[in-house]
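A.B. asks: Have a look; sequence and predicted model below, questions after that.
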Amino acid sequence: MTKLNLNMITQRSVEEGAAMEKGKTNPDYFEACSIIEMNPEDMKKAGIWVNSNVKVTSECGTVVVKCIHATQYCPPGLAHIRQGVWANQVVPPRTQSTGTPQYSGFPVTVEPAFTEERKTALQLVQGAVGLWKKGGN
Amino acid sequence: MPKLITQVGCPYCGSSCDDIEVLVSDDNKKILEVHNACIIGTNLFMHANDPTRPKLPRMRQADGSMKEITYP
């Protein structure tokens, strides 16, 4: 298993915005946000297939997301998860006196996790505070 | 006959689009079409039709379930 060290940015996207208006527990929101976009070269290097799950680990968290080819410009070494519940699992909370967490430009490691499943938004949010019960609220 | 409401302002982002047209059903209960808005704005208006949308405040009960309550 190859681990990749990448620079992570989490950004707005129009797909996320449209799905958010339908509701954050909507399947469209799940499909729009629980993905990581990477350069095809990086994916080859780590042996990751398109539409397979990967585990993303930062200094403060881990999340399983689906890997796809970048939909916009994304050079090798860069990775992108759309703003949302899944991205926030790995965003470092430090603000460096700006009042905003470091949403972009933090180091992550990406590794294949073909056998692991993505968690739903409710599972992640409620699980973080120990409220998750199978089947939701 | 559906009613076309013109010059609707979009409450979403700061671009302040104010030329949106919304086609509303006969009984004023359903939004049928949204014109001139972007994909986010269109979904925002269409969300009003979502039957699962919470319409009342909800209160957590002792057993952990949620129950819809009235406004005070």
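C.D. replies: That came through, no problem.
A.B. asks: and the residue of chain A positioned farthest from its centre, what helix or strand is that in?
C.D. replies: Here chain A reaches farthest from its C-alpha mean at residue A:97, the gap being 24.8 Å by CA atoms, centre = their mean. Using DSSP states H and E, residue A:97 sits in no helix or strand.
A.B. asks: if I look at it, how far off is chain B?
C.D. replies: Residue A:97 sits 25 Å away from chain B, taking CB to the nearest CB, to the nearest Å as the criterion. For glycine as for every other residue, the C-beta is placed from the backbone atoms N, C-alpha and C.
A.B. asks: could you list every residue that touches the nearest residue to residue A:28 once chain neighbours are set aside?
C.D. replies: Among residues not flanking residue A:28 along the chain, residue A:19 sits closest, at 4.1 Å (CB to CB, 6 or more residues apart in numbering or on different chains). Neighbouring residues of residue A:19 by CB atoms under 8 Å, 6 or more residues apart in numbering or on different chains: A:26, A:28-29, A:31-33, B:43.
A.B. asks: Can I get the buried ones among the residues you listed as something I can paste into PyMOL?
C.D. replies: Buried residues among the contacts of residue A:19 (16 or more other CB atoms under 10 Å in any protein chain shown), as a PyMOL selection:
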select buried, (chain A and resi 26+28+29+32+33) or (chain B and resi 43)
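A.B. asks: Nearest to residue A:108 among the contacts of residue A:19?
C.D. replies: residue A:33 (16.3 Å; CB to CB).
A.B. asks: what about that closest one, distance to residue B:27?
C.D. replies: Separation of residue A:33 from residue B:27 (CB to CB, to the nearest Å): 35 Å.
A.B. asks: Tell me the residues of chain A that contact chain B?
C.D. replies: A:14, A:17-23, A:133, A:137 (CB under 8 Å from any CB of the partner chain).
A.B. asks: The residue nearest to residue A:28 sits in which helix or strand?
C.D. replies: helix A:14-22.
A.B. asks: so what secondary structure elements neighbour the very next helix or strand once past that helix?
C.D. replies: Using DSSP H and E, the helix or strand that follows helix A:14-22 towards the C-terminus is helix A:27-33. On a contact count with 3 or more CB pairs under 8 Å, 6 or more residues apart in numbering or on different chains; DSSP states H and E, helix A:27-33 meets helix A:14-22, strand A:78-82, helix A:121-128.
A.B. asks: Apply 6 Å and report the result again.
C.D. replies: helix A:14-22 (3 or more CB pairs under 6 Å, 6 or more residues apart in numbering or on different chains; DSSP states H and E).
A.B. asks: Now for the residue nearest the centre of chain B: which residues touch it?
C.D. replies: In chain B, the C-alpha nearest the mean C-alpha coordinate belongs to residue B:48, at 2.7 Å (CA atoms, centre = their mean). Shown in contact with residue B:48 (CB atoms under 6 Å, 6 or more residues apart in numbering or on different chains): residue B:31.
A.B. asks: which parts of the helix holding residue A:19 are buried?
C.D. replies: Buried residues in helix A:14-22, counted by 16+ other CB under 10 Å: A:15-22.
A.B. asks: Ok, stretch A:58-70 next?
C.D. replies: So, applying 16+ other CB under 10 Å, buried residues of stretch A:58-70: A:58, A:63-67, A:70.
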